[in-house]
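Peer 1: for reference, the sequence and a predicted model appear below.
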Amino acid sequence: MSVLKVEQGMTMQSSFSALEYAAKKKRTRRDRFLGEIEAVTPWSELVAEILPFYPKGEGRGRPPIGLERMLRMYIAQQCFGLSDEGTEDALYDSQAIRGFVGIDLNRESAPDATTLLKFRRLLETHKLTERIFTAINVHLSAKGLLLKEGTVVDATIIAAPSSTKNREGKRDPEMHQVKKGNEWHFGMKAHIGVDAKSGITHTVVTTPANVSDVTQAHALLQGEERIAFGDAGYQGVEKREENRASAVKWHVAMRPGKRKLLPQTEIGRIDEKIEKLKASIRAKVEHPFHIIKNILGLKKVRYRGLAKNGAQLFTLFGLANLLIAKRSLFALHAQGAS
């Protein structure tokens, strides 16, 4: 059998496999998840943010891979919490991820881990993940999903490896330890400001884990809101120097010990109802944290240093915003189609 016939047979076999995959009756969770990301992501806006910084391929050497393809590969990496090498392997292993990125292995090889690494460094160097995050929020705001009337603030600790078994023989110097309850944690903090109505994250600030939540409260406001909510860790926020001139009305949770001592009187019951109401509004801020940790898989920091991990967090919270808003976006799309 000639080489040509063998290659034709392999091509036909691969094509039949792709057709069989497309025609299968059951859609996996990965298929559905990537389908949702595909549908709600404003691809053209994100490409426009990166394009001025992307290599043009002028001169000698191999031309660069298409920008949207690299962006899709990067988004797939963030969706499944993969390393650069793991993302390359996933492109060969998963038809769903190949379809999302737009790669046909019959015609081309998948971009390798080094190419993805260079793309990530491009995003980090020019702070393009922050621009991606902003572009997503501008898109959602244009759809009427970001109201800017109130903000909920909170912070979460993201663990970092505490081992010293590395090249430098020491822990990441930009990460710190902090005691929370009776346990010590080593890592960084992600401070966020969330729209009180929609639950969409509008501001992200990263610090070492030992930085107090209340010190970052002023940086989490948009500037247009009239009210803000925080848990008991933000007690005294309105008295801090950076907030004295602000017109924002803060509604901060009562400390647990004080709340337990509320009297069983009419006034005590009213105070308890107020605390429950504040808690129901503050619950909005837990949804983005749930998505980045449990759905997008950020259990621990992947990189060394605040800058690289902060860059990743902008992408993750941008994706979280799209997932939070997906029902509203699908409803708007359905109205436009009808």
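Peer 2: Looks like it arrived, so ask away.

Peer 1: straight-line length of stretch 192-212, end to end?
Peer 2: 13 Å (Cα to Cα, to the nearest Å).

Peer 1: sorry, that was for stretch 255-265
Peer 2: Terminal residues of stretch 255-265 are spaced 19 Å apart (Cα to Cα).

Peer 1: and the average pLDDT for that stretch is what?
Peer 2: Averaging pLDDT along stretch 255-265 gives 84.

Peer 1: list of residues touching it?
Peer 2: Here stretch 255-265 makes contact (Cβ atoms under 8 Å, 6 or more residues apart in numbering) with 232, 235, 268, 271-272, 275. In this view, the C-beta of every residue, glycine as well, is placed from N, C-alpha and C.

Peer 1: show me which of those are buried.
Peer 2: Among those, the ones that count as buried by 16 or more other Cβ atoms under 10 Å are 235, 271.

Peer 1: any chance of the contacts of stretch 255-265 in a markdown table, plus secondary structure, pLDDT and distance to Leu313?
Peer 2: Converted to a markdown table, those look like this (DSSP: H, G, I helix; E, B strand; the rest coil; pLDDT from 0 to 100; distance: Cβ to Cβ, whole Å):
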| residue | secondary structure | pLDDT | distance to Leu313 |
| --- | --- | --- | --- |
| Ala232 | helix | 92 | 24 |
| Gln235 | coil | 93 | 26 |
| Gly268 | helix | 85 | 41 |
| Asp271 | helix | 85 | 36 |
| Glu272 | helix | 85 | 36 |
| Glu275 | helix | 84 | 30 |
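
Peer 1: just the pLDDT for Asn210.
Peer 2: For Asn210, the predicted pLDDT is 95.

Peer 1: with the one 10 residues further on instead?
Peer 2: According to the predicted model, the pLDDT of Leu220 comes to 96.

Peer 1: go on, Asp93?
Peer 2: Reading off the confidence values, Asp93 has pLDDT 92.

Peer 1: how about Ala279: what's its closest non-neighbour residue?
Peer 2: Nearest-residue entry for Ala279: Ala253, 6.9 Å, with adjacent residues in sequence omitted and distances by Cβ to Cβ, 6 or more residues apart in numbering.

Peer 1: contacts only, for the one you found.
Peer 2: So Ala253 contacts 230-232, 234, 275, 278-279, 282 (Cβ under 8 Å, 6+ apart).

Peer 1: can you do 6 Å?
Peer 2: Residues near Ala253 by Cβ atoms under 6 Å, 6 or more residues apart in numbering: 231-232, 278.

Peer 1: low-confidence ranges in the chain?
Peer 2: For the chain, the stretches with pLDDT under 70 are 1-25, 58-62, 165-166, 336-338.

Peer 1: the strands in the stretch 151-300 of the chain, which residues?
Peer 2: Along the stretch 151-300 of the chain, the stretches classed as strands by DSSP state E, counting those that start in this stretch are 176-180, 183-195, 201-208, 227-230, 249-252.

Peer 1: for the first one, C-alpha coordinates in CSV please.
Peer 2: Put plainly, it is strand 176-180. Output of strand 176-180 as CSV, limited to C-alpha atoms (Å, rounded to 0.1, in the frame of the first residue of the first chain):
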residue,chain,number,x,y,z
HIS,A,176,2.9,35.7,53.7
GLN,A,177,1.3,33.7,56.5
VAL,A,178,-1.8,34.8,58.5
LYS,A,179,-3.8,33.3,61.3
LYS,A,180,-7.5,32.8,60.6
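
Peer 1: show residues contacting that strand.
Peer 2: Residues contacting strand 176-180 (Cβ under 6 Å, 6+ apart): 184-186, 208-210.

Peer 1: most surrounded residue in those residues?
Peer 2: Ala209 (22 neighbours; other Cβ atoms under 10 Å).

Peer 1: contact partners for that one?
Peer 2: 157, 176, 178, 185, 187-189.

Peer 1: between those residues, which is nearest Glu124?
Peer 2: For those, the residue nearest Glu124 by Cβ to Cβ is Met188; the value is 15.7 Å.

Peer 1: just give me the neighbour total for the closest one.
Peer 2: Close neighbours of Met188, defined as other Cβ under 10 Å, add up to 26.

Peer 1: could you chop this structure up by domain?
Peer 2: 3-125, 147-337 (automatic domain parsing).

Peer 1: could you pull out the helices in the stretch 101-250 of the chain for me?
Peer 2: 113-125, 128-142 (DSSP state H, counting those that start in this stretch).

Peer 1: between the longest one and strand 201-208, how many degrees?
Peer 2: Pointing back at helix 128-142 there. 150 degrees (axes from the mean of the first three to the mean of the last three Cα atoms, to 10 degrees).

Peer 1: okay, angle between helix 128-142 and helix 113-125 too, please.
Peer 2: Going by the same axes, to 10 degrees, helix 128-142 makes 70 degrees with helix 113-125.

Peer 1: got the CA coordinates for helix 128-142 in PDB?
Peer 2: Output in PDB follows, covering the C-alpha atoms of helix 128-142 (Å, rounded to 0.1, in the frame of the first residue of the first chain):
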ATOM      1  CA  LEU A 128      -3.600  42.600  29.200                       C
ATOM      2  CA  THR A 129      -5.500  40.300  31.600                       C
ATOM      3  CA  GLU A 130      -6.700  43.400  33.400                       C
ATOM      4  CA  ARG A 131      -7.800  44.800  30.100                       C
ATOM      5  CA  ILE A 132      -9.600  41.500  29.300                       C
ATOM      6  CA  PHE A 133     -11.400  41.800  32.700                       C
ATOM      7  CA  THR A 134     -12.400  45.400  31.900                       C
ATOM      8  CA  ALA A 135     -13.500  44.500  28.400                       C
ATOM      9  CA  ILE A 136     -15.800  41.800  29.700                       C
ATOM     10  CA  ASN A 137     -17.300  44.200  32.300                       C
ATOM     11  CA  VAL A 138     -17.800  46.900  29.600                       C
ATOM     12  CA  HIS A 139     -19.600  44.300  27.600                       C
ATOM     13  CA  LEU A 140     -21.800  43.300  30.500                       C
ATOM     14  CA  SER A 141     -22.500  46.900  31.400                       C
ATOM     15  CA  ALA A 142     -23.600  47.600  27.900                       C
END
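
Peer 1: cool, thanks, signing off.
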